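Visitor: any chance you could fold what I've pasted below:
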Amino acid sequence: MNIGKSSSSKKIIILVVFVLIAVMGVVSFSYISAATKKAVSSGIEAYSAFNFNKPVGAFTDSQDATPPGQSKIADNISKVVLRVDGMSCSGCIYTIKSSLAGFKGVRGILVNLPSGQAEIYYDNGQIEDVKKIADAITAGGYPAKVTEVLSADQIRKERNLATARSLNYIASVGAWDISRDDFNIELEHAKNRYAQIYSDGIFASNQGKVLIDNLKAQIVSRLINEGIQIQEIGRAGFTVDTATVDAEFDKFLNQKGIELQNFKTDLEENGYAFDYFMKKFENRVLINKYLDEKILDSPTDKFEKQRRYTSWFNNAKLLAKVVYYDRELERLIQARAAGGGCSSGSSCRKEK
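Guide: Numbering: from 1, shown residues only. You can find the predicted model right below:
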């Protein structure tokens, strides 16, 4: 890559960079709920340098204030994991929970919208046939199939692993770990941008604390959505080499008249290390190249491209296993899900 001398205002350069990275590539679709659109209009999502895509977020919900997974696990507690089709919003979660309202022995319900999974904690002395749980959810309009059953000891081991990994990671999507460092970098950048526009005291009030929680939830959702795509691309065995990434980065700098050394300085002054930026840039190049060559290679109509991307991403969500290690962030995601609506903008309709 060529190193040149700066000739532009730092503020202008960094603003241009953030806007360009947000829309970089041939295709970057937005699939967000009405609640998220409201957040965008209020400016909350505008202050992430890497807002690459906004498919439906990583939403979960729980039935109990203190589910078994966050307290001592008794020997009579088991967990069944189900694949559930047709879920898209908190209304779907409510319907699923209602389908199990009459079940004696159900101790907790966790629903993961992106992966299309539900985890049901139950008393194995009261519920012996977990297929009945799947049948009840299916009868409620969401076809469900049992994929895994965990004993109390297995649940404890799972929770102990999550506690240990939470020191360095906030979540994982399959084998793709989302580091706490990445989350902290994104959060600090977002907070700094707000402080620059408003004031240093913007987060001191109760409203400011709510804003921080909203930012955290949005950043986590975005990082998980990125992970879902990377995980699916990795499963397909698709890669890009260093030469491709370097060529795309040189093109990026040349098209915008931004010279490398000045660009590095501006990034660091705005809270982003150059190495971190390049890691995200490489992820974006990988995603765009895969979509262009494997998913969107033939259609020219933008609606057909959008349909293909939606289908691909939804399938990727179904195959992804999202695990949260940070319980506070998981609760924020739960609260965000509870306020959302169907991504299509219409009411939930059960499948009969």
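Visitor: could you use CA atoms for every contact and neighbour count after this?
Guide: Will do.
Visitor: just the helices in the stretch 201-350 of the chain please.
Guide: Counting by DSSP state H, counting those that start in this stretch, residue ranges of the helices within the stretch 201-350 of the chain are 206-235, 242-256, 260-269, 274-290, 302-319, 327-338.
Visitor: Serialize the ones you listed to CSV and add fields for mean pLDDT, mean neighbour count and distance to Ser179.
Guide: Shown next, in CSV, are those (pLDDT from 0 to 100; neighbours: other CA atoms under 10 Å; distance: least, CA to CA, whole Å):
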stretch, mean pLDDT, mean neighbour count, distance to Ser179
helix 206-235, 92, 19, 10
helix 242-256, 94, 14, 22
helix 260-269, 88, 17, 20
helix 274-290, 94, 18, 12
helix 302-319, 89, 16, 20
helix 327-338, 78, 19, 13
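Visitor: ok, which of those comes nearest Leu296?
Guide: helix 302-319 (5.9 Å; CA to CA).
Visitor: hang on, Val240 packs against Leu286?
Guide: Yes. In this structure, Val240 is within contact of Leu286 by CA atoms under 8 Å, at 6.0 Å.
Visitor: now distance to Val130 too, for the helices of the stretch 201-350 of the chain, in TSV please.
Guide: Listed next are the helices of the stretch 201-350 of the chain as TSV, based on distance: least, CA to CA, whole Å:
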stretch	distance to Val130
helix 206-235	28
helix 242-256	48
helix 260-269	53
helix 274-290	39
helix 302-319	21
helix 327-338	25
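Visitor: of all the ones you listed, which one is nearest Gly108?
Guide: Nearest to Gly108, of all the helices of the stretch 201-350 of the chain, is helix 327-338, at 13.8 Å by CA to CA.
Visitor: tell me what the closest one is packed against?
Guide: Packed against helix 327-338 by the contact rule (3 or more CA pairs under 8 Å, 6 or more residues apart in numbering; DSSP states H and E) you find strand 60-62, helix 206-235.
Visitor: Ala136: which of the ones you listed is closest?
Guide: When those are compared for distance to Ala136 using CA to CA, the nearest one is strand 60-62, at 17.6 Å.
Visitor: roughly how far is the helix or strand that comes right after the closest one from the heart of the chain?
Guide: Next helix or strand after strand 60-62 toward the C-terminus (DSSP states H and E): strand 77-84. Taking CA atoms, centre = their mean, to the nearest Å, one finds strand 77-84 lying 22 Å from the centre of the chain it belongs to.
Visitor: list the strands paired with strand 77-84, with their directions.
Guide: For strand 77-84, the paired strands and their directions (DSSP bridges) read strand 117-123 (antiparallel), strand 144-150 (antiparallel).
Visitor: what does the first one contact?
Guide: In this structure, residues lying in contact with strand 117-123 by CA atoms under 8 Å, 6 or more residues apart in numbering are 68, 76-84, 105-112, 318.
Visitor: sorry, back to before: go through the helices and strands packed on helix 327-338 and name the closest to Leu260.
Guide: Evaluated over the helices and strands packed on helix 327-338, closeness to Leu260 peaks at helix 206-235, with 26.0 Å, by CA to CA.
Visitor: which other helices and strands contact that closest one?
Guide: Identification of packing neighbours for helix 206-235 by 3+ CA pairs under 8 Å, 6+ apart yields strand 169-173, strand 176-179, helix 180-197, helix 274-290, helix 302-319, helix 327-338.
Visitor: ok so, going back, kindly reformat the helices and strands packed on helix 327-338 as a markdown table containing distance to Ala134.
Guide: As requested, the helices and strands packed on helix 327-338 are arranged in a markdown table below (distance: least, CA to CA, whole Å):
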| stretch | distance to Ala134 |
| --- | --- |
| strand 60-62 | 17 |
| helix 206-235 | 25 |
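Visitor: you'd agree Asp135 is up against Gly141?
Guide: No. Counting by CA under 8 Å, Asp135 stays clear of Gly141, with 10.1 Å between them.
Visitor: contacting residues for Lys251?
Guide: Not one residue lies near Lys251 by CA under 8 Å, 6+ apart.
Visitor: okay, and the helix or strand of the chain with the least pLDDT?
Guide: Comparing every helix and strand of the chain by mean pLDDT, DSSP states H and E singles out helix 34-41 as the least confident one, with a mean of 31.
Visitor: list the contacts of Ala136.
Guide: For Ala136, the residues meeting the contact criterion (CA under 8 Å, 6+ apart) are 99-100.
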